[in-house]
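K.L.:
Mind looking at a prediction? Sequence and model below.
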Amino acid sequence: MSQSIVERTWVERWLVSTRLDRSSAHILATSAVFTTIALRVEFWGLLGDIAVLLSFTLAILVVAVIGQRGPVALAAGQSIAAAITILRLENAPDLDAAELMFFAMAVLLIMILTEVIDAGRRAIDRAEELIKGRDMQLRTILDMFPNATMVSAMDGTSFNAAAVRQFGYAKEEVMGENLSILEMQPFYPEEDGRDIQRLLIGEESAIGTDQPVYAQRKDGSAFPMKVPGGELRSGGEWFLGNVRDLTERDEAAATLEGKLARVADFNQLDELVHELNQPLAAINNYSDGCTRMLREMDDSFLTPLRQALEEIESQSLRAGQLMNRFKDLWANGEVQKAPVEVLKLMKEALHLGLPASEKEGIKIRLGYQPGTFKSVIVDRILVQQVIINLVRNAVEAMRRVERRELYVFSHTSDRGEVAVIVMDTGGGISEEVADNLFEPFATTKANGRGIGLAVSKRILDAHGTEMTFSSNEDGGTTFRFTLQAYGDERI
Amino acid sequence: MHLTDFTVHVVEDEEAARKSLVFMLTMNGFAVKMHRSAAAFLAFAPHARSGVLVTDLRMPGMSGLQLLRELGDLKIKIPSIVITGHGDVRIAVEAMKAGALDFIEKPVEASMFIEAVEGAAKYLTVVNADAEDTVDIQTRLQTLSEREHQVFSAVVEGLANKLIAYHLNISPRTVEVHRANMMVKMKAKSLPHLVRMALAVASTRSNFF
C-alpha cells in the first residue's frame, strides 16, 4: 500500500525523485556551460558568431530540470561571461543588444518554469508524506481491530495483527498472495454440493458475503468464519474483509441447544412428576382415610388390614418424595440437606431395603464406632436410597453363598467426616465389572448390581462425596462412602 | 373447638386429588366441603360459615395465590393452608405474605396435613392463637450470627440454597450448615413455621415505625 503516487517508468521516477544538493547543482550548471563553450569553439568554423549567447539557453534548460533558481542564475551569468569571452577570443563583433534581450527573456521564462517544476515536486512530496501517514494510521487502526481483517488487491493481501494471530501467517507471507491461500472449504460440503473452487476468491466466493465458510490456518487447522466485506473500486479493485470467527458462536449455540434440550427435559420431568404425584396423593389419602376408619373399629381381625394400609400410605408417600428429589437431582444437581442422625438414617434404610421376608437366613448387623458423630447433614431420602440399593445388591449377591452376613456401620473418617460402610459376604465383583461399576447398566445379572449404582453415584456426587468399594476377607464386597458431619455431638 | 364446629373447604381442580382429600378428612372427623375451582369458592365465600380453607396453588384459571389476594381484597378472613407443588417455595412464601398460615408440599403426608388444619382452626376462636410472642422470636433472632441472619433473610424469601450461596459468595455446603443451625436456633419446626415467624416479626416492626 505504501507506493509512490507517480511511479510509472524509471525516467519519470528519476526525474521526480532526484534531488541535487547545492554544490552538485552548481557543478552541473558550470559543466553545462563549459560543454556549450567547448562545442561553440569546436564548431566556430561552421557556425561562426551566429547567436552565441542564445545557444547557452540549452545548457540553462538542462540546469532548470533540477528545479533550483540559484544554479539557473549561476548558469545564466556564466553564459553571458562565456559568450563575451568567446567573441573576444575569435575577434568577432561584441554581443548585440537584441540577442542579449532575447537571452534575458528566455532566462526569465526558464526561471518561471523552474518555479513550476519545484512547486510540483514539493506538492508530490507532501502528498506522499500525507499518504504515508494515512497508511500508518490505517494500519494502526486495522491492527487494533479485534477481528481478523484483511485488505486484498489484485497484487496481494495485507493482514492486520488479529489476522496474523488468527491464520498464523506472517504479514510478509501474505503480501504477494491472494485470499485463496486461506483455502476455504465449503461450510456444508455434501449437503449443498457447492464447489470448493467457487468458494475460493472469485466472483462466487463466499468471502464478502454473509455465508459461513471454513477457513484454514497455516498449521492446517480449520475454523468456521464469516467474512462480510466490501469491494472498493478506486483505480483498481480492492477488497476489505472482516473475519468473524464463528467457533465461539458455534460452541455457544451448541451449549445453548444442550441447555434448551435440558430445559425441555426438565419441563417434561416437571410435568411427569406433577402428574404422578396426583395419583400417589390420592392413594395416600385413601389409605389414610381407611386406616382411620379401621382404627375406630376395634377388631383384632382387622389389624393386619390396617397395617397393610398404613404401609401403602407410607410407601406412596415415599414414592412421591423420591420423585421430587430425583427431579431436583436430575434437573439442577440439587439436594435438600438437613441434619439427621446417622443411626436413624441407616436403620430406616435397612428397614426399607429389606422387607421381612427377605431377611430370612441373613445375619444383619447394624453398628457404629463409639465416639463417632451423631448427626450428618444430608438429603435423607436420597442417601437412604443409596443405602437401600447397597443392601439390596448385597442380598442379591449373597443368594448363592452359604455364609450370609450383612454389616452396615459407621465411623468417623480421618478427615472428620462420617463414613458409612455396607459389607457383605457375597461372591464379590469380577474385575471386568469393577472397572465400570458405576456406569448405568454395567451389571452382570449374576450379582444384580445395575442402574442403582449409577444413580447412587449421582446422589453422592451432589453431596460432594463418592463411593469406593473393595473386596473383603470374607470374599464379599465392602462399599464405603462418607457424609458431612453436623454438630459436635458424638455417640 | 370441636372438629365439627367448622368446615374444611377444599379447593382443588383435579378430581382424584379432591375426592381423596375429602375422604381422608371426613374419615378423620372433619366436616368437609369441596370446591372445583378458585372462582367457585370465591362466589361461595361470603356465605361460608366458620371454616378453614385448603387450596391448591397450581390451578387452571384463578390460581390459589390469586384466590388469597381476592379474599384479602374482599376482607374475607378465613384461615388458609396452601398445597404447593414440589419446589414452588417462592410462590408458597408469596401465598403466606398474602395471608396463608401454612403451606404443605405435595405429596401431602396425612398426619402433617391434619395437624395443619387443626392449627389453622385455632385461628377461628382466638386471633393469632397459634402465633408466638414476637418478643420471643426477636430474642431468638438476636442469637443468630451475621451469616445465619443473612441466610435466614434469604430462606424466608424462598431462595434455594444454591442461590443463597451465590448471593453471599460462600459455598452451598456452608449455606446448608448455616441454614441447619439457624433453624435450630429459631426453633423452627418447618419452613412454613419459619416464614410465619419472619412475617410476624416484620409486621410488628412495620407497626412500630
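P.N.:
That came in fine, so what should we check first? Numbering: from 1, shown residues only, chains lettered A, B, ... in the order given.

K.L.:
tell me the mean pLDDT over the helix or strand where A:Ile131 lies?
P.N.:
Taking DSSP states H and E as the definition, A:Ile131 sits inside helix A:97-144. Mean pLDDT, helix A:97-144: 86.

K.L.:
who in chain B is up against chain A?
P.N.:
Counting by C-beta under 8 Å from any C-beta of the partner chain, chain B comes close to chain A at B:14, B:16-17, B:19-21, B:23-24, B:26-29, B:58, B:85-87, B:105-110, B:160-162, B:173, B:176-177, B:180, B:183-184. In this view, the C-beta of every residue, glycine as well, is placed from N, C-alpha and C.

K.L.:
Any chance of a ChimeraX selection covering the buried ones in those residues?
P.N.:
Applying 16 or more other C-beta atoms under 10 Å in any protein chain shown to those, the buried members can be selected in ChimeraX as follows:
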select /B:14,17,19,20,21,23,24,27,28,58,85,86,87,105,106,107,108,109,110,160,161,176,177,180,183
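
K.L.:
Identify the residue of chain A closest to chain B, quick one.
P.N.:
Of all residues in chain A, A:Gly320 sits closest to chain B, at 3.0 Å by C-beta to the nearest C-beta.

K.L.:
Now do the SS call for the nearest residue to that residue once chain neighbours are set aside.
P.N.:
Leaving aside its sequence neighbours, A:Gly320 sits nearest to B:Pro107 (C-beta to C-beta, 6 or more residues apart in numbering or on different chains; 3.0 Å). Following DSSP: H, G, I helix; E, B strand; the rest coil, B:Pro107 is assigned to coil.

K.L.:
show me the contacts for B:Pro107.
P.N.:
Neighbour list for B:Pro107: A:Asn277, A:Leu280, A:Ala281, A:Asn284, A:Ser316, A:Leu317, A:Ala319, A:Gly320, A:Gln321, A:Asn324 [criterion: C-beta atoms under 8 Å, 6 or more residues apart in numbering or on different chains].

K.L.:
so what pLDDT did the residue positioned nearest the centre of chain B get?
P.N.:
Of all residues in chain B, the one closest to the mean position by C-alpha atoms, centre = their mean is B:Asp102, 1.9 Å from it. We have a pLDDT of 91 for B:Asp102.

K.L.:
One more: the one 4 residues further on?
P.N.:
Per-residue confidence for B:Lys106 comes out at a pLDDT of 83.

K.L.:
who's in contact with the nearest residue to it once chain neighbours are set aside?
P.N.:
Excluding its sequence neighbours, the residue lying closest to B:Lys106 (C-beta to C-beta, 6+ apart) is A:Asn277, at 5.0 Å. When contacts are counted by C-beta under 8 Å, 6+ apart, A:Asn277 is found next to A:Gly320, A:Met323, A:Asn324, B:Gly85, B:His86, B:Lys106, B:Pro107.

K.L.:
among these, which are in helices?
P.N.:
Counting by DSSP state H, the contacts of A:Asn277 place A:Gly320, A:Met323, A:Asn324 in helices.

K.L.:
hang on, B:Arg49 in a strand?
P.N.:
No. Per three-state DSSP, B:Arg49 lies outside any strand segment and is coil.

K.L.:
Run a quick neighbour tally on it.
P.N.:
9 (other C-beta atoms under 10 Å in any protein chain shown).

K.L.:
Please report how far it lies from chain A.
P.N.:
From B:Arg49 over to chain A the distance is 24 Å, taken as C-beta to the nearest C-beta, to the nearest Å.

K.L.:
That residue against B:Thr7, yeah?
P.N.:
Yes. Taking contacts as C-beta atoms under 8 Å, B:Arg49 lies within contact range of B:Thr7: 6.5 Å.

K.L.:
Span of stretch A:461-471 from start to end?
P.N.:
Terminal residues of stretch A:461-471 lie 23 Å apart, using C-alpha to C-alpha, to the nearest Å.

K.L.:
Tell me the secondary structure of the residue of chain A most remote from its centre, please.
P.N.:
Distance from the C-alpha centroid of chain A, by C-alpha atoms, centre = their mean, peaks at A:Asn91 (93.2 Å). Here A:Asn91 is recorded as coil under three-state DSSP.

K.L.:
Which pLDDT value does the model give it?
P.N.:
pLDDT recorded at A:Asn91 is 82.

K.L.:
same thing with A:His26?
P.N.:
At A:His26, pLDDT is 86.

K.L.:
Is it correct that it is in contact with A:Pro71?
P.N.:
Yes. At 5.8 Å, A:His26 and A:Pro71 qualify as touching, with contact defined as C-beta under 8 Å.

K.L.:
Please say which of those two ends up with more neighbours.
P.N.:
Comparing A:His26 with A:Pro71 by other C-beta under 10 Å, the one with more neighbours is A:Pro71, at 25 against 18.

K.L.:
So that one belongs to a helix, correct?
P.N.:
Yes. Judged by three-state DSSP, A:Pro71 forms part of a helix.

K.L.:
and it, what does it touch?
P.N.:
Contacts for A:Pro71 were tallied using C-beta under 8 Å, 6+ apart; they are A:Ala25, A:His26, A:Leu28, A:Ala29, A:Val63.

K.L.:
In this structure the fourth one contacts A:Ala76, no?
P.N.:
The reference is to A:Ala29. No. With contact defined as C-beta under 8 Å, A:Ala29 does not count as touching A:Ala76 (9.0 Å).

K.L.:
What residue in chain B comes nearest to chain A?
P.N.:
When scored by C-beta to the nearest C-beta, chain B has B:Pro107 as its residue closest to chain A, at 3.0 Å.

K.L.:
Give me the phi and psi angles of that residue.
P.N.:
phi -70, psi 140 (degrees, to the nearest 10).

K.L.:
ok, so what distance separates it from A:Phe103?
P.N.:
Distance of B:Pro107 to A:Phe103, given as C-beta to C-beta, to the nearest Å: 122 Å.

K.L.:
just A:Gln216 next, same as before
P.N.:
Per C-beta to C-beta, A:Gln216 is found 72 Å from A:Phe103.

K.L.:
now B:Ile81
P.N.:
Going from B:Ile81 to A:Phe103 by C-beta to C-beta gives 124 Å.

K.L.:
cool, A:Arg380 as well?
P.N.:
Applying C-beta to C-beta, the value for A:Arg380 to A:Phe103 is 120 Å.

K.L.:
With A:Leu142 instead?
P.N.:
Counting by C-beta to C-beta, the gap between A:Leu142 and A:Phe103 amounts to 58 Å.

K.L.:
And for A:Trp14?
P.N.:
For A:Trp14, the distance to A:Phe103 equals 29 Å [C-beta to C-beta].

K.L.:
So for those two, which sits in the more crowded spot?
P.N.:
Comparing A:Trp14 with A:Phe103 by other C-beta under 10 Å, the one with more neighbours is A:Phe103, at 23 against 9.
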